[in-house]
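I need the structure of the sequence given here:
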Amino acid sequence: MTDVLIIGAGPAGLFAAEQLSAEGLEVTIADKMPSPARKFLMAGRGGLNLTHSEDIDIFLDRYREARGFLEPMIRAFSPNDLRNWCHGLGEETFIGSSGRVFPKSMKASPLLRAWLRRLDQRGVKLLTRHAFTGLTEEGDALLKPDGQEPKAIPKRALLLALGGASWPKLGSDAAWVPALEKRQININRFQPSNCGFLVSWSAVLQGRFAGSPLKRISLSLDDSQSSGEALLSAKGLEGGAVYALSAELREKIKINGSAELTIDLRPGMSIGAVSQKLARPRRKQSASTFLKKALKLSPVEQALLREAGPLPEDPAGLAARIKALSVLCTAPYDIDRAISSAGGIALADIDDGMMLRNLPGVFVAGEMLDWEAPTGGYLLQACFATGRQAALGIQNHLSNHEEGERA
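Below is the predicted model:
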């Protein structure tokens, strides 16, 4: 019998294993994939964004409705703590121009290798190709090794860190949901988060401009705004600036059937300044040439302006469109194309130690819980913080159980 069985070898599960093994507990990690932390590695392909350096109160607001639940954990294991942990594994970090924090290597693989070496040195056992299929009546996990029948794994405490419902090819497919619902655990429906949105582009725009970037733009939806870059695809809009508004867009579409996203193609200029540049004599220039010279509008930006209809002839009307171009979003991309997911185990079903109230001795952490956050380091920070909190809860649970046995 192992002291702690952890199912899920992502950041939350691995970090909990590190904390528990440091206390001398025997820890076994099981994962259905052939190797650990596949989503973590994929997230680091373009530069591993570990966390963010902004003021902690602004940081915590990024978690929206889940702030109250996550705040104590993130204050206890802060962005600075995560950076120091990374340094302890030999991977120095730096703060980018946007305030995001990255390893200097800009990769996840060196960090993961050092992390796994530490776990191996502490005797943590890793079982790959072991799929979670459910729980016994006694609360033991049923694991199915490849090509074999499921079997119960005895343990003193169980931690589930099985991920959400995005990137199913990397292991996060929410296949665990029926098993927990069977045990009266409330699970809110998974929905895509940090995702693109469908837009019914014209054939011209689809054919000529799919894959084109939109740089240094500002997006707004009601009172919410984001700035950065987006990508125009054949099916819609995606990219960082869109992802930052994905929760608001998703909820508005749910209520109204669509959401009108407003794009400011020149956020650094006032509408008056744009209008003034457009009031200059055009002479014999075509509209496209004039817009390129006057405002450096790219071909894809000009195509977007024409999606809304013929270009206004008057400078004020054209400036208004450039500063507030309306795009109708009709649905989020499918969840298997989302960076992360919203939904999961209802937070009211989890106690302060991350134990399921209806299943004593069974703990949960990471993206399988009902919280969401934008990209920018917030996702990983919360996974580490909840993994650490679960480890503390497990230690207290085992300590109390031992005291009860002695009594």
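
contacts and neighbour counts: CA atoms only from here.
OK.

burial measure for the residue nearest to Leu126 when sequence neighbours are not counted, as a count.
Residue nearest to Leu126 in three dimensions, not counting chain neighbours: Ile29, with 4.8 Å by C-alpha to C-alpha, 6 or more residues apart in numbering. Around Ile29 there are 22 other residues, counting by other C-alpha atoms under 10 Å.

so Ile29 makes contact with Leu127?
Yes. In this structure, Ile29 is within contact of Leu127 by C-alpha atoms under 8 Å, at 6.0 Å.

find residues that contact each of these two.
Shared contacts of Ile29 and Leu127 (C-alpha atoms under 8 Å, 6 or more residues apart in numbering): none.

okay, now Gly44: neighbour count?
If you count neighbours by other C-alpha under 10 Å, Gly44 ends up with 18.

which residues touch it?
Met106, Lys107, Ala108, Ser109.

mind running it again at 10 Å?
Counting by C-alpha atoms under 10 Å, 6 or more residues apart in numbering, Gly44 touches Arg38, Leu50, Phe102, Pro103, Met106, Lys107, Ala108, Ser109.

of those residues, buried ones?
Buried members of the contacts of Gly44, counted by 16 or more other C-alpha atoms under 10 Å: Arg38, Leu50, Phe102, Pro103, Met106, Lys107, Ala108, Ser109.

so which of those are in strands?
Mapping these onto strands (DSSP state E) picks out Phe102, Pro103.

tell me the one of the buried ones among the contacts of Gly44 nearest Gln191?
Closest approach between those and Gln191, by C-alpha to C-alpha: Arg38, at 21.0 Å.

does that closest one touch Ala9 like I think?
Yes. Arg38 lies in contact with Ala9 (C-alpha atoms under 10 Å); the separation is 8.5 Å.

so where's this protein shaky on pLDDT?
Scanning the chain for pLDDT under 70 picks out the ranges 402-407.

if we can go back for a sec, of the contacts of Gly44, which belong to helices?
Using DSSP state H, the subset of the contacts of Gly44 located in helices is Arg38, Ser109.

how about a markdown table for the contacts of Gly44, with distance to Leu198 added?
Converted to a markdown table, the contacts of Gly44 look like this (distance: C-alpha to C-alpha, whole Å):
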| residue | distance to Leu198 |
| --- | --- |
| Arg38 | 28 |
| Leu50 | 29 |
| Phe102 | 31 |
| Pro103 | 34 |
| Met106 | 31 |
| Lys107 | 31 |
| Ala108 | 31 |
| Ser109 | 33 |
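
which one of the contacts of Gly44 is nearest to Leu60?
Distances from Leu60 to the contacts of Gly44, taken by C-alpha to C-alpha, are shortest for Leu50, at 15.3 Å.

relative to Glu23, how far out is the closest one?
Using C-alpha to C-alpha, to the nearest Å, one gets 25 Å for the distance from Leu50 to Glu23.

equivalent analysis for Arg266, please.
55 Å.

what of Ala161?
In terms of C-alpha to C-alpha, Ala161 sits 20 Å off from Glu23.

next: Gly257.
Shown here: Gly257 relative to Glu23, a distance of 52 Å by C-alpha to C-alpha.

and stretch 121-137, what's buried?
Neighbour counts over stretch 121-137 (16+ other C-alpha under 10 Å) mark 122-135 as buried.

contacting residues for Trp155?
I think there's a mix-up here, since residue 155 is Lys and not Trp. Shown in contact with Lys155 (C-alpha under 10 Å, 6+ apart): 1-6, 26-28, 139-141, 361.

likewise for Leu70?
Here Leu70 is in contact with Leu60, Tyr63, Leu347, Trp371, Ala382, Ala385, Thr386, Gln389 (C-alpha under 10 Å, 6+ apart).

same deal with Met33?
Listed by C-alpha under 10 Å, 6+ apart, the contact set of Met33 reads Gly8, Ala9, Leu127, Thr128, Arg129, His130, Ala131, Lys169, Leu170, Gly171.

which one among those gets closest to Phe77?
The shortest approach to Phe77 among the contacts of Met33 belongs to Ala9, at 19.8 Å (C-alpha to C-alpha).

return the distance of stretch 186-193 from the chain's centre.
When C-alpha coordinates are averaged (C-alpha atoms, centre = their mean, to the nearest Å), stretch 186-193 and its chain have centres 13 Å apart.

would you agree the residue nearest to Leu126 falls within a strand?
Yes. Counting by DSSP: H, G, I helix; E, B strand; the rest coil, Ile29 is part of a strand.

that one touches Ala12, doesn't it?
No. Look at Ile29 against Ala12 with C-alpha under 10 Å: they stay out of range, at 11.4 Å.

who touches both of those two?
Ile6, Leu159, Leu160.

show me what counts as buried in stretch 164-172.
Going by neighbour count (16+ other C-alpha under 10 Å), the buried part of stretch 164-172 is Gly164, Ala165, Ser166, Trp167, Pro168, Leu170, Gly171, Ser172.

wait, stretch 183-190
If you call a residue buried by 16+ other C-alpha under 10 Å, then stretch 183-190 has these buried ones: Ile185, Asn186, Ile187, Phe190.

hang on, the last one in a helix?
To tie it back to what came earlier, the one meant is Phe190. No. Assessed with three-state DSSP, Phe190 is strand; it does not lie in a helix.

now the residue nearest to Ser193 when sequence neighbours are not counted. Its backbone dihedrals?
Leaving aside its chain neighbours, Ser193 sits nearest to Ser341 (4.7 Å; criterion: C-alpha to C-alpha, 6+ apart). Per-residue torsions, Ser341: phi -130, psi 150 (degrees, to the nearest 10).

adjust the sequence numbering to begin at 7 for everything that follows.
Got it, the first residue is 7 from now on, which makes the last one we talked about Ser347.

quick revisit: which one of the buried residues of stretch 170-178 is nearest to Ile341?
Relative to Ile341, the closest of those is Ser172; by C-alpha to C-alpha it sits at 5.6 Å.

after the host helix or strand of Ala326, next one along is what?
In the assignment (DSSP states H and E), Ala326 maps to helix 321-329. Counting by DSSP H and E, the next helix or strand C-terminal to helix 321-329 is strand 331-335.
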